[in-house]
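pasting the sequence and the predicted model now:
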Amino acid sequence: MIEMKDVSKTYSNGVSALNGVNLSIEQGEFVYVVGPSGAGKSTLVGMMYREEKATNGSISINGVYLNKLKERKIPYLRREIGVVYQDFKLLPRLTVYENIAFALEVIEESPKNIRRRVMEVLDLVNLKHKARHIPDELSGGEQQRVSIARAIVNHPKTVIADEPTGNLDPETSWDIMRIFEEINAKGTTVIMATHSKDIVNTIKKRVIAVENGRIVRDEHRGDYGYEA
Ligand SMILES: Nc1ncnc2c1ncn2[C@@H]1O[C@H](COP(=O)(O)OP(=O)(O)OP(=O)(O)O)[C@@H](O)[C@H]1O
């Protein structure tokens, strides 16, 4: 469960990005975060994996209070939360296999378990045949599938995606959405900031709308609600 109570964020340059945010997300939910550019979506989801620290208020994820979390404990949090970015953030010199295995090597999994699990997630995103390629040799959609595989390789309870289809064409975006739905169907919470009106209005889920740093709407099976 993810809870935010009266959360605000003011950046060091004085910009107030979020104000008095309250929300609660149960394990296994699928939530879109929508809103105009600059509304505070990235700030909101970024605070859930401590990319950003709240200025005020409290954020807890499965009982761990993020504002009290020591810097050295952040890597433990990241094992519970998989993150998917708009621009993939794959390591360019490593193969697909190595990009995914990396997350398991740092937690000292056995080589046998690493091999088994990496091939399992590559199978889930249909990319076993690209295991030895480097990111540059893949299409955008394939790179995003690798980054999703990397995000879930540790069996996180939650996956946070910040505009995961922002750099992809519509058809590829639907493939990516099918993978997120599959991950969610297995019980993983999925939280996705998106500008895609088509996706939100077609694959109906809970919608949290942010405007000027405040939650202005929170609806189950909601609409995108803005002009694309
Ligand atoms: N690191 C930062 N330092 C200062 N201000 C920031 C920083 N990151 C974001 N902001 C500001 O905070 C506000 C919210 O930004 P945020 O990126 O969360 O919005 P967003 O809804 O994700 O926008 P977009 O849809 O364009 O990605 C904006 O005014 C932005 O300029």
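Arrived safely. Just so it is clear, the model here is predicted, and its values are computed rather than measured.

who are the contact partners of Asp218?
By Cβ atoms under 8 Å, 6 or more residues apart in numbering, the contact list for Asp218 reads Leu23, Arg206, Val207, Ile208, Ala209. Backbone N, C-alpha and C define where each C-beta goes, glycine included.

can you pull out the strands in the chain?
Using DSSP state E, the strands of the chain run over residues 2-10, 16-25, 30-34, 56-61, 64-65, 81-85, 158-162, 189-193, 206-211, 214-219.

which parts of the third one are buried?
Residues of strand 30-34 classed as buried under the neighbour-count rule (16 or more other Cβ atoms under 10 Å) are Phe30, Val31, Tyr32, Val33, Val34.

adding distance to the ligand, write those residues out as CSV.
As requested, the buried residues of strand 30-34 are exported to CSV (distance: Cβ to the nearest ligand atom, whole Å):
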residue, distance to the ligand
Phe30, 19
Val31, 15
Tyr32, 13
Val33, 8
Val34, 9
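
would you check how far apart the closest residue to Val121 other than its chain neighbours and the ligand are?
Take Val121 and drop its neighbours on the chain: the residue closest to it by Cβ to Cβ, 6 or more residues apart in numbering is Ala149, 4.1 Å away. According to Cβ to the nearest ligand atom, to the nearest Å, Ala149 stands 24 Å off from the ligand.

quick one, what contacts Ala149?
Neighbouring residues of Ala149 by Cβ under 8 Å, 6+ apart: Ile100, Val118, Val121, Leu122, Leu124, Val125, Leu127.

what's the distance between it and Glu26?
Going from Ala149 to Glu26 by Cβ to Cβ, to the nearest Å gives 25 Å.

before we move on, what about Val33?
Between Val33 and Glu26 the distance is 16 Å, computed by Cβ to Cβ.

cool, Lys41 as well?
Distance, Lys41 to Glu26, using Cβ to Cβ: 20 Å.

hey, what's Ser8 bridged with?
Taking DSSP bridges, one obtains Asn56 as the residues bridged to Ser8.

how many neighbours does it have?
For Ser8, the count of nearby residues is 15 (other Cβ atoms under 10 Å).

in contact with it, which residues?
Ser16, Leu18, Asn19, Gly20, Val21, Ala54, Thr55, Asn56, Gly57, Gly213.

buried only: go through those residues for me.
Taking 16+ other Cβ under 10 Å as the criterion, what is buried in these is Leu18, Asn19, Val21, Ala54, Thr55, Gly57, Gly213.

would you convert those into a markdown table that also reports distance to Tyr226?
Output for the buried ones among the contacts of Ser8, formatted as a markdown table (distance: Cβ to Cβ, whole Å):
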| residue | distance to Tyr226 |
| --- | --- |
| Leu18 | 19 |
| Asn19 | 20 |
| Val21 | 19 |
| Ala54 | 26 |
| Thr55 | 27 |
| Gly57 | 26 |
| Gly213 | 16 |
